[in-house]
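Chemist: Give the three-dimensional model of this entry:
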Amino acid sequence: MSATLNARFPDALPGSRVPDSRDAPPLRWGIAGPGWIAERFAASLQQHTRQIVAAVGSRSQERSRDFAGRFSIPAAYGSYEELAAAPDVDIVYVATPHNHHHAVARLALEAGKHVLIEKPIGINARQAEDIAALAEARGLLAAEALWTFFLPKYDVVRQLLDAGALGQLVTVLAEYGEHFEPGHRIFDPKLAGGPLLDLGTYPLAFISSVLGLPETVHAVGTPHPAGVNGQISAVMDFAGGVHAVISTNLYGFTPTTATIVGTEATLTLDGPFNAPGGFTVRTADGRELRYEEPPGDHVAGLHFQAAAVARAIAAGGLEVAERPLAESIKTMRLADELRGQLGISFPDGQHAAATASHSD
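Modeler: Residues are numbered from 1 along each chain as shown. Just a heads-up that it's a prediction; the model follows:
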């Protein structure tokens, strides 16, 4: 997403250009990791697309069989290696815990399979770059399953920004907090727990997609007794004096809204901004445009990313326009910057270096 200056505020909002997901050519999907998000992905594809969920794989044959039975999936494998090698699979949807995204994506790519990797694409920018390089070398599509950017409303937001309808951008605000019960994987340091990757990916991706990478970042964080980070807030400064503010926490629910402020108008996405829903654009002189999209959950929205991937592969593409790999890498660099400033450790054998900005 970007902004073009010197454009007139529109009389009406543009329409979404996102096609019906049922029109996308079907692929045979293999699901790696039969967990919570995989359940919703399978249900979304089966309810809203012609995509074929052909196989599921995990480190447990029993879990794979149970998942396959619940979703009428014909093949269940007891390892990620078997899934990657399966002849009845065109593309692997990587829905494992975060710290396995990189390794499982590599298995699939090396076996000649396209990959759609749940967000975050990796747990650091180096992993994201490695996936991108391997996919390019093998001539395969790789994409991050950050479902938000595939929703119809985000196509309308892109059109407004590209047309410069908000004027010169001044500030971007995005936040996401949620309550989790004890025992949730978000509290496990070995699984790259804490809010940064689970929740923070959404506001970080939103900010970096609109503004790029910042010149400076000033972050503060609070540790959680479980041994992970509990909350992060940061102020960022971009070229031309543009600011962004992010906040994310695992203690309690927040409105989960996002706002883009321009010199001509302000765009505010309803909470939760990362899910299907509406937004409002208001000018300083009182003009208002409203985009309505039925609020929805993951089952209502995950199919858009699968359809986009299927269309891209049918057209011979190696990535998707809605979430190019360069954007995924950019978001991971920003997450690395926050890690570096706050000393957050993930199971990648290193503390992330400050690479996204020239912070002091």
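Chemist: Where does the prediction get shaky in the stretch 1-150 of the chain?
Modeler: Applying pLDDT under 70 to the stretch 1-150 of the chain flags the ranges 1-7.
Chemist: Let me see the ranges of the strands in it.
Modeler: Assigned by DSSP state E, counting those that start in this stretch, the strands in the stretch 1-150 of the chain fall at 28-32, 52-57, 75-77, 91-94, 114-118, 142-145.
Chemist: any chance of those in JSON lines, with distance to residue 253 and mean neighbour count too?
Modeler: No exception for glycine: its C-beta is placed from N, CA and C like everyone else's. What follows is these, written out as JSON lines (distance: least, C-beta to C-beta, whole Å; neighbours: other C-beta atoms under 10 Å):
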{"stretch": "strand 28-32", "distance to residue 253": "29", "mean neighbour count": "27"}
{"stretch": "strand 52-57", "distance to residue 253": "31", "mean neighbour count": "25"}
{"stretch": "strand 75-77", "distance to residue 253": "36", "mean neighbour count": "21"}
{"stretch": "strand 91-94", "distance to residue 253": "28", "mean neighbour count": "27"}
{"stretch": "strand 114-118", "distance to residue 253": "22", "mean neighbour count": "26"}
{"stretch": "strand 142-145", "distance to residue 253": "23", "mean neighbour count": "28"}
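Chemist: Residue 198: which of these is closest?
Modeler: Within those, the stretch nearest residue 198 is strand 114-118; the backing value is 10.7 Å (C-beta to C-beta).
Chemist: Tell me who's in contact with residue 22.
Modeler: By C-beta atoms under 8 Å, 6 or more residues apart in numbering, residue 22 lies in contact with 48, 49, 50.
Chemist: what about burial for these, which qualify?
Modeler: Among the contacts of residue 22, those classed as buried by 16 or more other C-beta atoms under 10 Å are 48, 49.
Chemist: need the contacts of residue 22 in TSV with distance to residue 336, can you?
Modeler: Output for those, formatted as TSV (distance: C-beta to C-beta, whole Å):
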residue	distance to residue 336
48	35
49	34
50	38
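Chemist: Relative to residue 252, which of the contacts of residue 22 is nearest.
Modeler: residue 48 (31.8 Å).
Chemist: mind listing what that closest one touches?
Modeler: Counting by C-beta under 8 Å, 6+ apart, residue 48 touches 21, 22, 300, 303.
Chemist: Please pick the buried ones from those residues.
Modeler: Here, 16+ other C-beta under 10 Å leaves 21, 300, 303 buried among the contacts of residue 48.
Chemist: Next one, pLDDT for the last one please.
Modeler: According to the model's per-residue confidence, residue 303 sits at a pLDDT of 98.
Chemist: Verify the stated contact: it with residue 43.
Modeler: No. Judged on C-beta atoms under 8 Å, residue 303 makes no contact with residue 43 at a distance of 9.3 Å.
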